[in-house]
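1. Quick one, fold the following:
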Amino acid sequence: MLTYILVLFAVILLYLLTYDGEKAQSKGILLGMMLFLGLFVGLSDMLGGYDRYIYCDLFDSLCDSVAAGIPLQETALFMLYPSEFGYDTLNYIISFVTHNRYIFILIYTLIVYFLLYQSLKRQVSNYPFAVMLFMGLWFFFTFTYLRQVLAALVCWMAIKYAAERKPLQFFAIALLAYTIHNSAIVFAPLYFVPNVKFKPWMVIAVLAVCLAIGLTSMPAGLFEQYGEITNTELRMGAMEDENTIGFRFEYLLEAVVFVTLIFFRYDRVDEQNRMELTLVNMAFVFCGILLVFVQSQNGGRLSWYYMNGVIATLTILATKDRKIDYYNLALMVMSILLYLRILLAWGVQLYPYKTFLSNGHRDGDFIYEIYEYDTRYDDDKLYR
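-> Below is the predicted model:
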């Protein structure tokens with residue numbers, strides 16, 4: 001656990017040492033941070049849960065099929081994800097680079113963090129602060145939810161075109177994300193959200209409607225259609241019923257906290273800056289989705305496509321001054337608490353931290369005991 005805590009506090013320390021308001025920082029700082037985090041996640045040995053085993057098993061199967069001369073459209077991967085051919089194709093391309101599941105994960109993760117680098121450098125100027133918020137909100141999910149994380153980051157590449165009202169570029173990128181994970185369809189409506197600064201009462205009214213909808217059973221069908229669950233996951237017994245009804249108080253709490261934080265400095269949103277307006281409205285949509293799925297155990301994952309609105313908006317609002325004040329410190333504390341919440345809740349899924357640079361597996365790793373499909377990797381991580 002200490003390893004993860006040191007990683008977070010290294011980011012916070014960098015923020016404190018380099019803070020200079022919204023003055024543009026060197027992109028090298030952001031690139032270095034993304035490279036470090038990408039390697040930290042990408043080199044880890046099947047950490048994060050059963051999802052890595054699912055995707056790695058499919059990748060290994062694809063490589064065997066490619067070696068046998070079987071066309072992509074006849075592989076198990078393609079038959080499982082026929083409408084998500086973007087993800088299928090990415091796996092297919094990587095199979096010509098490596099047949100090893102660990103190198104596959106490393107390449108995939110580096111792509112994820114490169115896209116995150118591209119997104120943040122376009123939208124914020126204080127990179128360590130934005131990364132600190134990312135660590136609290138989303139970092140741990142990059143270990144495990146591979147397809148949906150990649151789809152969300154591809155969508156974030158389209159935010160610029162939503163702000164500039166360039167429909168061809170926006171929907172082309174959104175379509176690409178849809179071919180990686182069909183849940184990306186929820187991102188398409190962003191283009192139709194006006195680049196205006198809504199009055200607070202209007203935002204609250206819409207969010208109240210979202211909560212009212214969320215208190216019904218209506219959203220369950222949407223998540224069933226576009227959620228994460230797959231036939232493979234069902235066969236492996238790895239997924240609980242995603243639509244189990246149960247009030248998610250943390251969704252409500254997150255929505256209330258984020259809206260409150262934004263409204264506290266809402267007057268600082270530049271009404272002439274279309275990117276800022278797009279990002280702050282994305283943050284409101286993020287909160288709205290959480291409220292719509294307030295009774296779905298995992299439906300809040302659909303909000304990930306709008307999460308960058310929260311990260312970027314709070315970063316912009318917190319760094320318009322040249323000094324660190326109570327607002328910055330409150331967000332710092334929030335990030336630490338969110339980070340520790342996941343770290344403690346996931347337990348053995350994350351720690352003790354181990355890379356694939358050494359053979360064997362961690363003692364007490366029940367996920368390995370249940371879902372490891374090829375024990376030869378335990379003797380030699382690079383045997384393929």
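
2. can you list the weak-confidence ranges in the stretch 151-300 of the chain?
-> Applying pLDDT under 70 to the stretch 151-300 of the chain flags residues 220-245.

3. Now do the helices in it.
-> 159-163, 167-178, 200-214, 219-226, 231-236, 249-264, 274-292 (DSSP state H, counting those that start in this stretch).

4. Asn91 is nearest to which of these?
-> Closest of these to Asn91 is helix 231-236, at 13.6 Å (criterion: C-beta to C-beta). Quick note: C-beta positions are derived from backbone N, CA and C, even for glycine.

5. hmm, back to that, redo the helices of the stretch 151-300 of the chain as JSON lines? Include mean neighbour count.
-> Shown next, in JSON lines, are the helices of the stretch 151-300 of the chain (neighbours: other C-beta atoms under 10 Å):
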{"stretch": "helix 159-163", "mean neighbour count": "22"}
{"stretch": "helix 167-178", "mean neighbour count": "18"}
{"stretch": "helix 200-214", "mean neighbour count": "15"}
{"stretch": "helix 219-226", "mean neighbour count": "16"}
{"stretch": "helix 231-236", "mean neighbour count": "13"}
{"stretch": "helix 249-264", "mean neighbour count": "16"}
{"stretch": "helix 274-292", "mean neighbour count": "24"}
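
6. Which of the ones you listed sits closest to His361?
-> helix 231-236 (18.3 Å).

7. so can I have CSV of the helices of the stretch 151-300 of the chain showing distance to Ser61?
-> Converted to CSV, the helices of the stretch 151-300 of the chain look like this (distance: least, C-beta to C-beta, whole Å):
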stretch, distance to Ser61
helix 159-163, 35
helix 167-178, 24
helix 200-214, 38
helix 219-226, 25
helix 231-236, 10
helix 249-264, 36
helix 274-292, 34
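
8. for those helices, which one sits closest to Tyr373?
-> helix 231-236 (9.2 Å).

9. Closest to the centroid, which residue in this structure?
-> Val149 (4.2 Å; C-alpha atoms, centre = their mean).

10. What strand or helix carries it?
-> Secondary structure assignment for Val149, by DSSP states H and E: helix 146-156.

11. That helix versus helix 167-178: what angle between them?
-> 170 degrees (axes from the mean of the first three to the mean of the last three C-alpha atoms, to 10 degrees).

12. Helix 146-156: how far from the chain's middle?
-> How far helix 146-156 lies from its chain's middle: 7 Å, per C-alpha atoms, centre = their mean, to the nearest Å.

13. ditto for stretch 157-171
-> 20 Å.

14. which residues sit against it?
-> 115, 118-119, 122-123, 173-174, 177, 187-188, 190-191, 193, 195, 274-275, 277-279, 282, 308 (C-beta atoms under 8 Å, 6 or more residues apart in numbering).

15. do that again at 10 Å, thanks
-> 115, 118-119, 122-123, 155, 172-178, 184, 187-188, 190-193, 195, 273-279, 281-282, 305-306, 308-309, 312 (C-beta atoms under 10 Å, 6 or more residues apart in numbering).

16. unless I'm mixing things up, the residue nearest to the centre of the chain is touching Ser183, no?
-> No - between Val149 and Ser183 there is no contact under C-beta atoms under 10 Å: 11.2 Å.

17. who touches both of these two?
-> With C-beta under 10 Å, 6+ apart as the test, Val149 and Ser183 both reach Arg301, Trp304.

18. Select, out of the helices of the stretch 151-300 of the chain, the one closest to Thr109.
-> Ranking the helices of the stretch 151-300 of the chain by distance to Thr109, with C-beta to C-beta as the measure, places helix 167-178 first at 17.6 Å.
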